[in-house]
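*Asks:* 3D, please:
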Amino acid sequence: MTTTLYRRPKPLIEASILERVEQVSLSLGIGPDRAILLLILEALTEKVAPDLKTWYKDVTDAGETEVVERVNGKKIRVVGYTLNNGGSAVAVHFRSNSRPISSTKTLAANGGGMVVQVSQAFQFETAGGEALKLNLSVAGTVAVDVTYIEVPV
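*Replies:* Modelled structure (predicted):
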């Protein structure tokens with residue numbers, strides 16, 4: 001004789017989600033169906049476009065220059081950047097404090113540059129709580145624009 005055990009099915013929607021739907025529905029004075037749609041849209045928006053931040057700086061000194069300040073307990077995850085050289089040829093790379101986190105790029109004199117478009121895949125990131133820096137091989141004028149997100153360590 002074979003004994004069959006039946007498991008109780010898991011609920012399709014977690015109680016915490018139902019509570020959130022009720023909370024949104026009551027606070028906005030809308031039905032639960034519209035509240036669900038708003039919560040789905042909110043979740044999709046966070047996945048597709050997290051809190052992107054941008055920063056720019058003109059770097060002129062040879063060696064390391066801080067481009068984005070450190071944030072306690074967070075990594076700076078770079079998702080896109082541009083570099084434009086306004087002086088003589090220069091080699092550049094990004095650093096997390098004093099550790100290289102990108103390959104070295106050589107920018108031609110007077111207008112040499114590059115663009116790495118923003119994408120869902122990140123290019124590189126700092127260690128937790130460290131600043132993002134740009135290192136120039138020689139003094140010059142390199143404009144850098146960085147698009148990044150801050151992620152918990």
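*Asks:* Only C-alpha atoms from now on, for both contacts and neighbour counts.
*Replies:* Will do.
*Asks:* Got the domain ranges for this protein?
*Replies:* As given by automatic domain parsing, the domain ranges for the chain are 15-48, 53-152.
*Asks:* okay, these, which one's buried deepest?
*Replies:* Ranked by mean neighbour count, these are led by domain 53-152 with a mean of 18 (mean count of other CA atoms under 10 Å).
*Asks:* Helices along this structure, start to end?
*Replies:* Ranges of helices within the chain are 15-28, 32-48, based on DSSP state H.
*Asks:* ok, of the ones you listed, where does mean pLDDT dip lowest?
*Replies:* Here the lowest mean pLDDT among the helices of the chain goes to helix 32-48, at a mean of 65.
*Asks:* show me what contacts the residue lying closest to residue 79 once chain neighbours are set aside?
*Replies:* Closest residue in space to residue 79, ignoring its immediate chain neighbours: residue 122 at 4.3 Å, by CA to CA, 6 or more residues apart in numbering. Contacts for residue 122 were tallied using CA atoms under 8 Å, 6 or more residues apart in numbering; they are 77-80.
*Asks:* Just list the residues touching the nearest residue to residue 150 once chain neighbours are set aside, thanks.
*Replies:* Nearest-residue entry for residue 150: residue 76, 4.9 Å, with adjacent residues in sequence omitted and distances by CA to CA, 6+ apart. Residues near residue 76 by CA under 8 Å, 6+ apart: 70, 125-128, 130-132, 148-151.
*Asks:* Looking at the residues you listed, spot the one nearest residue 93.
*Replies:* Nearest to residue 93 among these: residue 132, at 10.7 Å, using CA to CA.
*Asks:* In this protein, where is pLDDT below threshold?
*Replies:* Scanning the chain for pLDDT under 70 picks out 1-18, 35, 37-38, 41-50.
*Asks:* Show me the strands in it, by range?
*Replies:* Taking DSSP state E to define them, one finds strands in the chain at 53-59, 63-68, 74-85, 90-96, 99-100, 105-107, 113-116, 124-125, 132-136, 142-152.
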